[in-house]
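Enquirer: Curious how this folds, go ahead:
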Amino acid sequence: MSETAATTMPSALEPPASRFIDRTVGDVAAQLAGATAVFRRHKIDFCCGGGVSLAEAAAKRGVDAAAVAAELAALDATPPDAPQETAALVDHIVVRYHETHRRELPELVRLARRVEAVHREHPEAPAGLADLLSSAQDELRDHMAKEEQVLFPAMREGYARSLDMPIFAMRHDHDHHAETIRALQSITHGYTLPAGACRSWQALYNGVEKLVTDLTEHIHLENNVLFPRFERGRNA
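Expert: Numbers count the residues shown, from 1 in each chain. Coordinates of the predicted model:
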């Protein structure tokens, strides 16, 4: 087992948050999507000063390392499997995907702008990534609001008639999200980092890869599981 693997695999008896205490801040920032936002809130340097443990970095800032570790552990929680019952499935989509997108995208935009600015002379710098992520954030915000305000309430109440028209509009949005996914994969060269990439760059690509994974699963659950229950001729 590699040294890195040994530091990232908790024992079965280890409290969930404690596994972050002795890991370096830079390692956590690079590997755990959303961690950079936690460190930014606590004014912990995860880039140039990321070579120290969370315990040491927190002590330098005068913050509670255990509290920071607990925030990190919450990000790393394994999501539950999607439930089958419609109302519960809708709630799962909102909590697991909508709220995650809203939480993680602003930080990805900030990271992308930082990486593009600091490494603008690098031949592999992801020029245009921040603007692409910002557009994705705006589009998802509008899309999710329409679902939460119109479509999902009707589904939760067991709306008896077909919801073909609003579902058609949501499927159209999903097609555009799929184009965004392909653009994100292209501009990051499949999330391939250049040699010597800084921790901000590592965190950015790790976060973009997670966004693509989450968005793909999100679209699948809606297109293939939830929506057919309310479309004419496709009701299970």
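Enquirer: Tell me which residues touch residue 174, please.
Expert: 219, 222-223 (CB atoms under 8 Å, 6 or more residues apart in numbering). Using the backbone N, CA and C atoms, a C-beta is placed for each residue, glycine as well.
Enquirer: tell me the contacts of the residue nearest to residue 147 when sequence neighbours are not counted?
Expert: Nearest residue to residue 147, sequence neighbours excluded (CB to CB, 6 or more residues apart in numbering): residue 170, at 6.4 Å. By CB under 8 Å, 6+ apart, residue 170 lies in contact with 143, 146-147, 151, 222, 227.
Enquirer: now do residue 87
Expert: Residue 87 sits next to 155-156 when contact means CB under 8 Å, 6+ apart.
Enquirer: That one and residue 162, how far apart?
Expert: Residue 87 is 19 Å from residue 162, where distance means CB to CB, to the nearest Å.
Enquirer: Over to residue 206?
Expert: Between residue 206 and residue 162 the distance is 41 Å, computed by CB to CB.
Enquirer: what about the two, which has more around it?
Expert: residue 206 (22 against 14; other CB atoms under 10 Å).
Enquirer: hang on, that one packs against residue 28?
Expert: No: the criterion here is CB atoms under 8 Å, and residue 206 misses it with residue 28 at 10.8 Å.
Enquirer: Point out where the chain drops to low pLDDT.
Expert: Scanning the chain for pLDDT under 70 picks out 1-15, 77-79, 160, 233-236.
Enquirer: Next, name the residue at the spatial heart of it.
Expert: residue 211 (4.4 Å; CA atoms, centre = their mean).
Enquirer: wait, what's in contact with that one?
Expert: Counting by CB under 8 Å, 6+ apart, residue 211 makes contact with 33, 101, 104-105, 108, 136, 184.
Enquirer: any idea how far it is from residue 173?
Expert: Distance, residue 211 to residue 173, using CB to CB: 16 Å.
Enquirer: returning to that earlier point: how near is the residue nearest to the centre of the chain to residue 226?
Expert: For residue 211 relative to residue 226 (CB to CB), the value is 21 Å.
Enquirer: So for the top helix by length along the chain, what gets flagged as buried?
Expert: If you go by DSSP state H, the chain has its longest helix at helix 164-187. By neighbour count on 16 or more other CB atoms under 10 Å, the buried set for helix 164-187 is 166-167, 170, 173-174, 177, 180-181, 184.
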